[in-house]
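J.: sequence plus the predicted model coming up.
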There are 2 protein chains.
Amino acid sequence: MKKVQKHERISVITNILTNNPNKIFTLAHFCDIFNCAKSTVSEDLDIIKDIFNQYELGFIETVSGAAGGVYFSPLMTNEQIQRFTGELCELINTKSRIIPGGYIYMNDLLYSPTISKNIGIALASLFKDTEIDYVITVETKGIPIALMTAMVLNKPMVVVRNQSRLTDGTVIHMNYITGSNHRIKTMCLSTKAIKKGSKVLFIDDFMKAGGTAKGIIDLIQEFESEIVGVGVLMATQKPEEKLVQDFKTLLWLDTVDESNKVVDIYSVGTPSEH
Amino acid sequence: MKKVQKHERISVITNILTNNPNKIFTLAHFCDIFNCAKSTVSEDLDIIKDIFNQYELGFIETVSGAAGGVYFSPLMTNEQIQRFTGELCELINTKSRIIPGGYIYMNDLLYSPTISKNIGIALASLFKDTEIDYVITVETKGIPIALMTAMVLNKPMVVVRNQSRLTDGTVIHMNYITGSNHRIKTMCLSTKAIKKGSKVLFIDDFMKAGGTAKGIIDLIQEFESEIVGVGVLMATQKPEEKLVQDFKTLLWLDTVDESNKVVDIYSVGTPSEH
């Protein structure tokens, strides 16, 4: 059998780790692929770790112990988040995005696989020290960024719907009041969706008064679980008092000046807690 | 300046290509990163191409001409699709998934980042010879697999909604009749969503009579664009006559036997046109 060359092993390991963020692979897994010694794989991983650091491609992390191994973490550094959210601001702040009523058209950004993936990485990076079992969102526009956040964290995503469907089976159904215009809305989630005692991260595209986030916190209590973080792409500066205390946002929206076609939006230097 | 080693270049190129499916990179892009000659990068790419082939990690494709370069295509071979859809059948065919009314609970599969990504790769693989500008879906459950299909194809995704929102701006609004129970439903899509003359791939999780697919075909005509393919995760065997002629499915659902808790589902050997 032909001996596998070093650059061959390094390419295969790089591909597998890159394709499976936050998934732990044992050294034995790679030894089996290449039919080589653990020490060989271990050396390869050290090399890859250095390369990823040097070229800012993310982090190779080692987990020790019986369930140990290595995994790839694509999380952004604060500097990378700052650069990315700065670019996002420029993309958003264009005249043609302003639509009647002072709203901003953002569907193309939210639904772009590339942009939603980077938003997912940035949002996941804000919660890097939080233990998370599920990523939850509310239909519809938050789904792509929530899915990408879940992909980065290698956790399942859960979608709360405004109306239950036959395919949901038994559902927990909750009415709540929206924070900004005090309308009654409904949240529905299948009882199968979340296991008791879970830690759940809520991700959404937009927060105004925080009524949806508050609703989700209440809903998740019915599952005997807990919201351990709230992360949004964009929050409005007003009202200053939100219905939830702790949340993180990548962007702050100040005003949309419809007549002069100017969006006053900015990214926070170091994404900080509210 | 320290010369960049071969395995270092190979790891970085592998990471960049893997992370950006279907995105074309010029050789000059890599030359700039490593400060090396084109011939060096070209040799590296040949090596990576061989490695990816050998380990079935997807394909490195070359594009010639002025806008030329290389890209990574994670598409599955027919054999890989068969293996994956076979595994999916086993996952779906479990007693606990059958819910009252003879429906199957699949939210956990559809919303799993890993599974939806593989479904996206498999669906994109069915349309590998089709030129596509957008991937379109209808809210809600099809969004994750449509987003992943769009990610693999490196194209934007578009989501049709059942009701228009303020943030959609001007909207084309269309009523249509569902194929199976003849109910009137609504489709809404922002006029900004699709450029005239586009080729659009419709992706959805489920097809029964095909009323939604037919509705989408009609709606897209209003955008002076064309549906060039319809791909679903699962289609029911009955009714045999669907409202659309050409569609591709990864799975066929025959019957759900609620009393005996058996789902009769199968994947097609070679995914074939209907």
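T.: Received the coordinates, thanks. Numbering: from 1, shown residues only, chains lettered A, B, ... in the order given.

J.: quick check: domain ranges of chain A?
T.: As assigned by automatic domain parsing, chain A contains the domains A:6-73, A:78-267.

J.: excluding chain neighbours, what is closest to the residue most central in space within chain A?
T.: The central residue of chain A, meaning the one whose C-alpha is nearest the mean C-alpha position (CA atoms, centre = their mean), is A:T149 at 2.3 Å. Residue nearest to A:T149 in three dimensions, not counting chain neighbours: A:G120, with 4.2 Å by CB to CB, 6 or more residues apart in numbering or on different chains. Using the backbone N, CA and C atoms, a C-beta is placed for each residue, glycine as well.

J.: what's the distance between that neighbour and A:I136?
T.: Taking CB to CB, to the nearest Å as the measure, A:G120 falls 14 Å from A:I136.

J.: equivalent analysis for A:G179, please.
T.: Taken as CB to CB, the span from A:G179 to A:I136 is 18 Å.

J.: more crowded one of the two?
T.: It is A:I136, of A:G179 and A:I136, that has more neighbours when counted by other CB atoms under 10 Å in any protein chain shown, with 27 against 21.

J.: I figured the more buried one hits A:F223, correct?
T.: No: the criterion here is CB atoms under 8 Å, and A:I136 misses it with A:F223 at 10.0 Å.

J.: surely A:N22 touches A:V135?
T.: No: contact criterion CB under 8 Å: A:N22 and A:V135 do not qualify, at 12.0 Å.

J.: what touches both of those two?
T.: Any residue near both A:N22 and A:V135 by CB atoms under 8 Å, 6 or more residues apart in numbering or on different chains counts here, and that gives A:L153.

J.: higher neighbour count, those two?
T.: Set side by side, A:N22 and A:V135 show unequal neighbour counts under other CB under 10 Å, the larger going to A:V135 at 31 against 18.

J.: helix/strand/coil for that one?
T.: Under DSSP: H, G, I helix; E, B strand; the rest coil, the three-state class of A:V135 is strand.

J.: ok, which residues in the stretch 151-274 of chain A are in contact with chain B?
T.: Listed as neighbours of chain B in the stretch 151-274 of chain A under the rule CB under 8 Å from any CB of the partner chain: A:151, A:154-159, A:161, A:166-170, A:190, A:192-193.

J.: show me what contacts A:T212?
T.: A:T212 makes contact with A:138, A:176, A:178-179, A:204 under the criterion CB under 8 Å, 6+ apart.

J.: now the element after the helix or strand where it lies, going C-ward?
T.: Mapping A:T212 onto the secondary structure by DSSP states H and E places it in helix A:211-221. Going down the chain from helix A:211-221, the next helix or strand is strand A:226-236, by DSSP H and E.

J.: tell me what A:K185 is bridged to.
T.: Note on A:K185: beta-bridge partners A:Y176, judged by DSSP bridges.

J.: and it, what is it in contact with?
T.: A:K185 makes contact with A:162, A:175-178, A:215 under the criterion CB under 8 Å, 6+ apart.

J.: again, but for A:S125
T.: A:S125 makes contact with A:75-77, A:81 under the criterion CB under 8 Å, 6+ apart.

J.: please redo it, this time with the cut-off set to 6 Å
T.: A:S125 sits next to A:75-76 when contact means CB atoms under 6 Å, 6 or more residues apart in numbering or on different chains.

J.: neighbours of A:L189, how many?
T.: Summarising burial for A:L189: neighbours were counted as other CB under 10 Å, giving 25.

J.: list the contacts for it?
T.: A:160, A:172.

J.: quick check: it vs B:K141, distance?
T.: Relative to B:K141, A:L189 is positioned 14 Å away (criterion: CB to CB).

J.: drop anything exposed from the contacts of A:K185.
T.: Buried members of the contacts of A:K185, scored by 16 or more other CB atoms under 10 Å in any protein chain shown, are A:176, A:178, A:215.

J.: the second one: what's it in contact with?
T.: It stands for A:T178. Taking CB under 6 Å, 6+ apart, we find A:T178 in contact with A:185, A:211.

J.: hmm, back to that, turn the contacts of A:K185 into a markdown table, columns for pLDDT.
T.: Formatted as a markdown table, the contacts of A:K185 follow (pLDDT from 0 to 100):
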| residue | pLDDT |
| --- | --- |
| A:N162 | 93 |
| A:N175 | 94 |
| A:Y176 | 92 |
| A:I177 | 88 |
| A:T178 | 85 |
| A:G215 | 96 |
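
J.: widest-spaced pair of the residues you listed?
T.: A:N162 and A:I177 (14.2 Å; CB to CB).

J.: closest one of the contacts of A:T212 to B:D246?
T.: Distances from B:D246 to those, taken as CB to CB, are shortest for A:V138 (34.8 Å).

J.: what's the spacing between the closest residue to A:R183 other than its chain neighbours and chain B?
T.: In space, and not counting its chain neighbours, A:R183 is closest to A:I177: 7.1 Å by CB to CB, 6+ apart. When CB to the nearest CB, to the nearest Å is applied, the distance between A:I177 and chain B equals 19 Å.

J.: in chain A, which spans are helices?
T.: Counting by DSSP state H, one finds helices in chain A at the ranges A:6-19, A:27-34, A:38-54, A:78-92, A:107-110, A:113-126, A:143-153, A:211-221.

J.: for the stretch 1-150 of chain A, what lies in contact range of chain B?
T.: Counting by CB under 6 Å from any CB of the partner chain, the positions of the stretch 1-150 of chain A adjacent to chain B are A:6-8, A:10-12, A:14-15, A:18-19, A:48, A:51, A:55, A:57, A:99, A:101, A:103, A:105, A:111-113, A:139-140, A:143-144, A:147, A:150.

J.: buried members of the residues you listed into ChimeraX, please.
T.: Command for ChimeraX, covering only those of the residues of the stretch 1-150 of chain A next to chain B found buried under the criterion 16+ other CB under 10 Å:
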select /A:6,7,8,10,11,12,14,15,18,19,48,51,55,57,99,103,105,111,112,113,139,140,143,144,147,150
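
J.: A:R9 reaches A:F34, doesn't it?
T.: Yes: under the criterion of CB atoms under 6 Å, A:R9 is in contact with A:F34, at a separation of 5.4 Å.

J.: ok, the two, which is more surrounded?
T.: Comparing A:R9 with A:F34 by other CB under 10 Å, the one with more neighbours is A:R9, at 23 against 18.

J.: got a list of what that one touches?
T.: Under the criterion of CB under 6 Å, 6+ apart, the neighbours of A:R9 are A:34, A:44.

J.: for B:H7, see how far away it is.
T.: Distance from A:R9 to B:H7, counting by CB to CB: 9 Å.

J.: check A:L166 too.
T.: Computed with CB to CB, the distance linking A:L166 and B:H7 is 54 Å.

J.: again, but for A:G120
T.: Distance of A:G120 to B:H7, given as CB to CB: 30 Å.

J.: nearest to B:D129, of the buried ones among the contacts of A:K185?
T.: Closest approach between the buried ones among the contacts of A:K185 and B:D129, by CB to CB: A:G215, at 46.0 Å.

J.: can you tell me the closest non-neighbouring residue to that closest one?
T.: The shortest distance from A:G215 to any non-neighbouring residue, by CB to CB, 6+ apart, is to A:Y176 (3.6 Å).

J.: isn't that neighbour up against A:I217?
T.: No: shown here, A:Y176 and A:I217 do not form a contact pair, counting by CB under 6 Å, at 10.1 Å.
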